[in-house]
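Chemist: Using only what follows, build the 3D model:
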Amino acid sequence: MDFLKDLDSFSTQSSQIDKELFTRFDVKRGLRNANGSGVLVGLTNIGDVVGYEKDGDKVIPCHGQLFYRGINVYDIVKGFQNDRRHGFDETVYLLLSGKLPNSEELASMTSYLASLRDLPSYFTKNMLLSLRGKNIMNMLARSVLVMYTLDDKAEDQSHLNIVKQSLDLIAKIPVVTAYSYFGMRHSFQRKSLIIRHPEPSLSTAENFLYMLKGEKYSKLEADILDLNLVLHAEHGGGNNSSFTTRVVSSSGTDTYSAIAAALGSLKGFLHGGANLQVMEMMKDIKKNVKDWNDKQEIADYLLKILRGKAGDGSGKIYGIGHAIYTLSDPRAILLKEKARELAEEKGKQDEFKLYENIEELAPEVFAKFKGGGDVKVISPNVDFYSGFVYRCIDIPKELYTPIFALSRMAGWCAHRLEEVTFSSKRIIRPAYKNVYGRADYENLDERE
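Modeler: Numbering: from 1, shown residues only. Here you go, the predicted structure:
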């Protein structure tokens, strides 16, 4: 054990870098410019995330907008909601093809995805029910890599073949997710093992709820899960997991390796696990704030959270603020509309009001925490309400991030197709400047 402790100590020391060097060499830490905007590293036709305007080096906040293939996601959502249908299949078609499907194309897409959902029985038995894991995200990554071995054309990087692989992954991952959850639950929580085969007549959202809960779900629950899938399907090429997909794809590797890498990225709590942090924070707030309608009591507790004296001690109000969106997150606005309906259906209006109060008070609390002055421009992001929605639907917290993954699979596949089809046809290779200095080699018998 002394060996490991010493190695750990040496490794820690050798990993330290003087922060002043980042400024001296103008390092774009986290691929961010000094004003917080992302470093421009590529071009894309797929998603566009708008949260501010630029006037020289000055960043001017504006209301957020999200575009899929140039179409405002707000218009996409209102379009299928007005038609009283689900929109995920349409969104998948749009992201992969670059155009909205007509009625015949949408029917073909829905039928094709439904035909791919069933998993081979040996895959379910051996990979999901026998070789169980404690984290579903890892089980998804492992399952994706195993799917490579089942694909006779796994290394075929023709455009048509990658399209086929993409649709197969988009169709199967929701089923893999549901089965992985029940396998994990059976093994580690000692609960009943339940396996339901996907129903071809159901939408992606309905199928997932059916596999999870049987027929015990409402139309509103299915509608709001479908909305969540649409809102999480794509978010530009710069988010960590989509960029990971592009980086790995640029090396010339196969689809399954690229998607497994994206899943590893999304698992991180700074990316896909944010709504879990919101839920833990809200659990703490509900426990410690006696009157959920007392704005002063709520504000006082939020200030304690920012000071690191409440919550998890991180000093963060989770679900408030976004790297790009400033005045508003369009996904949060759309989700909040349905969350209000769901709160009424489930009798959770008081809890929903608490969320609204926190949303209202957060900017003022941030300003007070920073020492007064102008109220900071800050708004809730999509994670703020998604956890509340999932809890109302009785979706276990172990599935929050995997649901994000089965939705973002569409965006990842679209970015992989764009990367291998066009892009720069060059491997993505940013530079790191070595600041360690030089050292002389010492013979073994001369070392301390």
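Chemist: Give the next helix or strand downstream of the lengthiest helix in the chain.
Modeler: For the chain, the helix with the greatest residue count under DSSP state H is helix 159-188. As assigned by DSSP states H and E, the chain's next helix or strand after helix 159-188 is helix 204-213.
Chemist: helices and strands around that following helix, which ones?
Modeler: helix 88-97, helix 159-188, helix 219-232 (3 or more C-beta pairs under 8 Å, 6 or more residues apart in numbering; DSSP states H and E). Just so you know, the C-beta spots here come from the backbone N, C-alpha and C atoms, and that holds for glycine as well.
Chemist: least reliable of those helices going by mean pLDDT?
Modeler: Lowest mean pLDDT within these: helix 159-188, a mean of 93.
Chemist: A154 is in contact with Y256, correct?
Modeler: Yes - here Y256 reaches A154: they are 6.5 Å apart, a contact under C-beta atoms under 8 Å.
Chemist: Would you tell me what the next helix or strand after the lengthiest strand in the chain is?
Modeler: For the chain, the strand that runs over the most residues, judged by DSSP state E, is strand 58-68. As assigned by DSSP H and E, the chain's next helix or strand after strand 58-68 is strand 71-72.
Chemist: Just checking: what are the partner strands of that following strand?
Modeler: Its sheet considered, strand 71-72 pairs with strand 58-68 (antiparallel) by DSSP bridges.
Chemist: Outside of the helix or strand hosting F352 itself, which residues are in contact with it?
Modeler: Assigned by DSSP H and E, F352 belongs to helix 349-369. With contact meaning C-beta atoms under 8 Å, 6 or more residues apart in numbering, helix 349-369 is reached by 282, 285-286, 289, 292-293, 295, 298-299, 302-303, 306-307, 317, 320, 339-340, 343, 373-380, 384-385, 388.
Chemist: so of those residues, which ones are in helices?
Modeler: 282, 285-286, 295, 298-299, 302-303, 306, 339-340, 343, 384-385, 388.
Chemist: picking that back up, adding distance to L116 and mean neighbour count, write the helices and strands packed on helix 204-213 out as CSV.
Modeler: Below are the helices and strands packed on helix 204-213 laid out as CSV (distance: least, C-beta to C-beta, whole Å; neighbours: other C-beta atoms under 10 Å):
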stretch, distance to L116, mean neighbour count
helix 88-97, 12, 23
helix 159-188, 4, 20
helix 219-232, 17, 23
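Chemist: and N434, which of these is closest to it?
Modeler: N434 sits nearest to helix 159-188 of all the helices and strands packed on helix 204-213, at 36.6 Å, using C-beta to C-beta.
Chemist: picking that back up, which among the contacts of helix 349-369 end up buried?
Modeler: Those of the contacts of helix 349-369 that meet the buried threshold are 282, 285, 289, 292, 298-299, 302-303, 306, 317, 320, 339-340, 343, 378-380, 384-385, 388, by 16 or more other C-beta atoms under 10 Å.
Chemist: quick check: angle from the longest helix of the chain to helix 204-213?
Modeler: 20 degrees (axes from the mean of the first three to the mean of the last three C-alpha atoms, to 10 degrees).
Chemist: Quick one: list the elements packing against helix 159-188.
Modeler: helix 88-97, helix 103-116, helix 136-149, helix 204-213, helix 255-267, helix 400-421.
Chemist: could the ones you listed go into JSON lines alongside distance to L66?
Modeler: Shown next, in JSON lines, are the helices and strands packed on helix 159-188 (distance: least, C-beta to C-beta, whole Å):
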{"stretch": "helix 88-97", "distance to L66": "12"}
{"stretch": "helix 103-116", "distance to L66": "21"}
{"stretch": "helix 136-149", "distance to L66": "24"}
{"stretch": "helix 204-213", "distance to L66": "19"}
{"stretch": "helix 255-267", "distance to L66": "18"}
{"stretch": "helix 400-421", "distance to L66": "11"}
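Chemist: Show me the one of the ones you listed that comes nearest K219.
Modeler: helix 204-213 (9.2 Å).
Chemist: Could I have the CA atoms of the closest one written out in CSV?
Modeler: The C-alpha coordinates for helix 204-213 follow below in CSV (Å, rounded to 0.1, in the frame of the first residue of the first chain):
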residue,chain,number,x,y,z
THR,A,204,-40.7,5.6,-28.7
ALA,A,205,-41.9,7.4,-25.6
GLU,A,206,-44.9,5.1,-25.2
ASN,A,207,-42.8,2.0,-25.7
PHE,A,208,-40.3,3.1,-23.1
LEU,A,209,-43.1,3.8,-20.5
TYR,A,210,-44.7,0.5,-21.4
MET,A,211,-41.5,-1.5,-20.9
LEU,A,212,-41.0,0.3,-17.6
LYS,A,213,-44.5,0.4,-16.2
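Chemist: contacting residues around it?
Modeler: In contact with helix 204-213 (C-beta under 8 Å, 6+ apart) are residues 86, 88-89, 113, 117, 174-175, 177-179, 181, 196, 198-199, 202, 217, 221-223, 225-226, 229, 393-395, 399, 403, 406.
Chemist: how far away is the most centrally placed residue in the chain from D75?
Modeler: For the chain, the residue nearest the mean C-alpha position is G272 (3.9 Å; C-alpha atoms, centre = their mean). Distance from G272 to D75, counting by C-beta to C-beta, to the nearest Å: 26 Å.
Chemist: picking up where we left off before, which one of Y256 and A154 has more residues nearby?
Modeler: Y256 (22 against 16; other C-beta atoms under 10 Å).
Chemist: shaky segments in the protein?
Modeler: Along the chain, the parts satisfying pLDDT under 70 run over 1, 372-376, 423-424.
Chemist: 80 instead?
Modeler: Along the chain, the parts satisfying pLDDT under 80 run over 1, 35-37, 55-59, 131-133, 186-192, 371-377, 422-425.
Chemist: Can you pull the domain assignment for it?
Modeler: 65-269+396-421, 274-392 (automatic domain parsing).
Chemist: Could you export those as JSON lines, including distance to E442?
Modeler: JSON lines is the format used below for the domains of the chain (distance: least, C-beta to C-beta, whole Å):
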{"stretch": "domain 65-269+396-421", "distance to E442": "37"}
{"stretch": "domain 274-392", "distance to E442": "43"}
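Chemist: Relative to D55, which of those domains is closest?
Modeler: Nearest of the domains of the chain (C-beta to C-beta): domain 274-392, 14.2 Å.
Chemist: For that closest one, measure first residue to last.
Modeler: 18 Å (C-alpha to C-alpha, to the nearest Å).
Chemist: Then stretch 389-406?
Modeler: End to end - C-alpha to C-alpha - stretch 389-406 spans 17 Å.
Chemist: Go ahead and confirm V389 touches I224.
Modeler: Yes - in this structure, V389 is within contact of I224 by C-beta under 8 Å, at 5.7 Å.
Chemist: what residues are shared contacts of the two?
Modeler: 335, 338-339, 342.
Chemist: quick one: contacts for L131?
Modeler: Applying C-beta under 8 Å, 6+ apart, no residues contact L131.
Chemist: What separation do you get for it and R84?
Modeler: Distance, L131 to R84, using C-beta to C-beta: 42 Å.
Chemist: cool, and E206?
Modeler: Distance from E206 to R84, by C-beta to C-beta: 14 Å.
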